[in-house]
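Peer 1: quick one: sequence and predicted model below, then my questions.
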Amino acid sequence: MNYPPIGLLAAIHAETISPETWKAWADREILRTEQPPMWIIDLSIANDFSEAWKAIGESVQDTESLPSAQLDEAALGLISLNYLKGGIDFCHYLRRAGDHTDPSSCSTDCEYFYHHLNGIESSSNPEEYERMARSEIEQYLAEAIELGKIAQAQIKPITEPVDRGNG
């Protein structure tokens, strides 16, 4: 891999990949590659999201399926997929998505998420509110979620567990 995939930068931006995961993958790449690209070496020593962003941000190349102009949308899609798959609860999702979209170029405004956060916090039936809002969110953010799925596919070799077979 000569260039980091946009999906990796999106996962770092969304904070849906852990430093342990990217460091372990980068270390494996360094060991198996005669001359690893500098971004992989830098990623292997990046201890937090800011350092990881600096390590690969300038090396990322557009791909046909996920251009860099879609980075913020892909990151929102990853955050949304994390919620939809049960990785974070609804209120945490709404805060995280709202915080992400506030300074970003996403097509969805942060107020959309904060509106739902206020709604669930004032609801007499939070479970019903979440069920209704989840359905709406899945439809409203369909494009971002699809971009998140593309990002996930791009980083699958990085996030997959290592096969430590017997032979």
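Peer 2: Yep, it's here. Residues are numbered from 1 along each chain as shown.
Peer 1: tell me what the least confident helix or strand in the chain by mean pLDDT is packed against?
Peer 2: The weakest-scoring helix or strand in the chain, judged by mean pLDDT, DSSP states H and E, is helix 156-159 (a mean of 93). Counting contacts by 3 or more Cβ pairs under 8 Å, 6 or more residues apart in numbering; DSSP states H and E, helix 156-159 is packed against helix 19-32. No exception for glycine: its C-beta is placed from N, CA and C like everyone else's.
Peer 1: and the helix it packs on, what's buried?
Peer 2: Residues 21-23, 25-26, 29 are the ones in helix 19-32 that count as buried (16 or more other Cβ atoms under 10 Å).
Peer 1: what of stretch 112-128?
Peer 2: Quick answer for stretch 112-128 (16+ other Cβ under 10 Å): 112-114, 116-117, 120.
Peer 1: just give me the closest of the residues you listed to Phe49.
Peer 2: Of all these, Phe113 has the smallest distance to Phe49: 20.1 Å, by Cβ to Cβ.
Peer 1: pretty sure the closest one sits against His92.
Peer 2: No. Using Cβ atoms under 8 Å, Phe113 is not in contact with His92; the gap is 11.2 Å.
Peer 1: who touches stretch 28-46?
Peer 2: Here stretch 28-46 makes contact (Cβ atoms under 8 Å, 6 or more residues apart in numbering) with 1-4, 19, 22-23, 26-27, 51-52, 54-56, 59, 162.
Peer 1: run the last query once more with 7 Å
Peer 2: Outside stretch 28-46, the residues that touch it by Cβ atoms under 7 Å, 6 or more residues apart in numbering are 2, 4, 19, 22-23, 26-27, 52, 55-56, 59.
Peer 1: ok, so of the residues you listed, who is nearest Ile88?
Peer 2: Out of the contacts of stretch 28-46, the member with the shortest distance to Ile88 (by Cβ to Cβ) is Pro19, at 17.9 Å.
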